[in-house]
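Colleague: what's the 3D shape of this:
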Amino acid sequence: MVREKSWYSSTVLAPTPRDLLTDPQGRPYFLWDMELTLDEFERALTDRDSSTRAYLIGKLMRQAKPDDALQFVSPQQIADEWPSIERYLGKSRPFWAWLLEQWERLGYVTNHPDFAASRDIGLTRRREGAKGKRPLNVE
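Modeller: Modelled structure (predicted):
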């Protein structure tokens, strides 16, 4: 059974108030390098056919505070779309993979095969280490 997002977000998170998310031009702080207003960003996130949707979710997760990211996407949405968004997470990918594992363990997200397979590949890569770099100790 998946727990309700509203319970999680209302008891655990401390998001930035909406009026403080944007600059005077209406751009959210996490889209500092794009000419996109918060309203345009939110519309793009609801467009399931958009080719940039996965990129924008990944950028949100990479650039925004986690509490702020979860104002726009739910833990279950992140788990469901993990294979499409993980490539855009950069150095924040291990954090989000760990967080999704915790949510899955606690019942906030359902076990999603694509996420599990992708997560396992990422852990294998981290164990092996990048070429020319020391492997990370992942147990």
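Colleague: Going by C-alpha atoms from here, please, whenever you check contacts or count neighbours.
Modeller: Fine.
Colleague: The closest residue to Ala14 other than its chain neighbours - how many residues pack around it?
Modeller: The shortest distance from Ala14 to any residue other than its chain neighbours is 6.0 Å, reached at Asp67 (CA to CA, 6 or more residues apart in numbering). Residues within reach of Asp67, counting by other CA atoms under 10 Å, total 15.
Colleague: Would you mind confirming that Asp67 is in contact with Pro15?
Modeller: Yes: judged on CA atoms under 8 Å, Asp67 makes contact with Pro15 at a distance of 4.9 Å.
Colleague: residues contacting the residue nearest the centre of the chain?
Modeller: Nearest to the mean C-alpha position of the chain, by CA atoms, centre = their mean, lies Met61 at 3.9 Å. Residues near Met61 by CA atoms under 8 Å, 6 or more residues apart in numbering: 69, 89, 92.
Colleague: Please report how far Thr16 lies from Glu40.
Modeller: 19 Å (CA to CA, to the nearest Å).
Colleague: for Glu86, that is, sorry about that
Modeller: The separation that Glu86 has from Glu40, given CA to CA, amounts to 22 Å.
Colleague: can you pull the contacts of Ser50?
Modeller: Ala44.
Colleague: quick one, phi psi at it?
Modeller: Main-chain torsions, Ser50, degrees, to the nearest 10: phi -70, psi 130.
Colleague: Repeat that for Ala64.
Modeller: phi -90, psi 160.
Colleague: Would you check that it makes contact with Phe30?
Modeller: Yes: the criterion here is CA under 8 Å, and Ala64 meets it with Phe30 at 5.1 Å.
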